[in-house]
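A.B. asks: any chance you could fold what I've pasted below:
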Amino acid sequence: MLRFQARWLRIVTHVGALIPLALLVWDYSQDQLTANPIQNITFRTGKTALVLLVLSLACTPISTLFGFKQVLALRRTLGLYAFTYASLHFLTIIGLDYGFDHGLIQEAIFKKRYALVGFAAFLTLLPLAITSTRGWMKRLGKRWKHLHRLVYLAVLLAVVHFVWLVKSDVREPLAYGAIVVLLLVARLSKVRIALRNMRGRLMTDRVAQN
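C.D. replies: Numbering: from 1, shown residues only. Here you go, the predicted structure:
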C-alpha cells in the first residue's frame with residue numbers, strides 16, 4: 001500500500017511540475033503570451049521555480065507534522081524541477097531579452113539589484129543540481145548534506161529577488177517570504193521535537209476517542 005502511494009505521489013509530482021511548462025508552450029503556440037511575451041515567460045518560469053523550491057522545503061515539515069514520510073522522497077525531484085524552471089528563467093533573460101550580449105548582461109547584473117540577487121540565487125542552486133545524484137552523495141559523504149543546506153540561502157535570495165523585482169505591490173512575494181520563514185523555523189530541532197510531540201498527542205487522543 002505504501003509503495004502504491006509513493007508511486008502515485010511521484011507521478012502526481014512529475015505531472016504537476018510539468019503542467020506550468022505545458023501551459024506556457026500552449027500559450028506560446030496560441031499566441032497568448034500577452035503584449036510582452038518575453039516578460040510573461042520570464043515571470044512565469046521564475047514564479048514556478050520559486051513555488052517548486054518552496055514545496056521542496058515543505059516536505060520535511062509535512063513529514064514531521066503528519067508522519068507522511070513518503071513526501072521526503074520528493075525533495076530531490078521538486079528541487080531539480082525548480083532548478084529547471086530557474087534555468088529557463090535565466091536563459092529567457094540572457095537569451096531572449098538580452099540576446100546573449102555580454103555588455104547588457106553585465107550591466108543588468110551589476111546595476112540592477114534584483115538581477116544581481118537573482119543571479120546569486122541561480123548560482124547557489126547550480127552546484128546543488130549538479131551534485132543531486134547518488135554518485136555525488138557517495139563522493140561527498142557528510143559534506144553533501146552541508147552543501148545542500150545552501151538551498152535555504154537560495155530560496156531566501158529568490159524571495160528577495162521577487163520583492164525587488166515587483167517594487168510596488170510586494171504582498172505576494174512577502175507572502176512567499178513568510179511561508180519560507182515558517183518552513184525554516186519548522187526545521188529547527190526544538191520546533192521539530194515540539195511538532196512530533198504534538199502529532200503524538202493528536203494520535204493518542206484519536207485512538208482514545210475510538
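A.B. asks: count the residues that sit near Thr204.
C.D. replies: 10 (other C-beta atoms under 10 Å). For the C-beta atoms, the positions are set from N, CA and C on the backbone; glycine is no exception.
A.B. asks: now the helix or strand hosting His14: buried residues?
C.D. replies: Per DSSP states H and E, His14 falls inside helix 2-29. Within helix 2-29, the residues that count as buried by 16 or more other C-beta atoms under 10 Å are Ala6, Leu9, Thr13, Ala17, Pro20, Leu21, Leu24, Asp27.
A.B. asks: ok, the first one to Trp144 distance?
C.D. replies: With distances defined as C-beta to C-beta, to the nearest Å, the gap from Ala6 to Trp144 amounts to 23 Å.
A.B. asks: before we move on, what about Val159?
C.D. replies: Val159 is 25 Å from Trp144, by C-beta to C-beta.
A.B. asks: ok, these two, which is more surrounded?
C.D. replies: Val159 (24 against 15).
A.B. asks: count of residues packed around the closest residue to that one other than its chain neighbours?
C.D. replies: Leaving aside its sequence neighbours, Val159 sits nearest to Gly177 (C-beta to C-beta, 6 or more residues apart in numbering; 4.4 Å). By the criterion of other C-beta under 10 Å, Gly177 has 18 neighbours.
A.B. asks: just to revisit the earlier point, helices or strands up against the next helix or strand after the helix holding His14?
C.D. replies: Sequence order places helix 37-66 as the next helix or strand after helix 2-29, per DSSP H and E. Where contact means 3 or more C-beta pairs under 8 Å, 6 or more residues apart in numbering; DSSP states H and E, helix 37-66 is packed against helix 2-29, helix 75-91, helix 150-166, helix 171-185, helix 189-209.
A.B. asks: centroid residue for the protein?
C.D. replies: Residue closest to the mean C-alpha point of the chain, counted by C-alpha atoms, centre = their mean, is Leu53 at 0.9 Å.
A.B. asks: hang on, that residue packs against Tyr152?
C.D. replies: No: here Leu53 lies out of contact with Tyr152, judged by C-beta atoms under 8 Å, at a distance of 10.2 Å.
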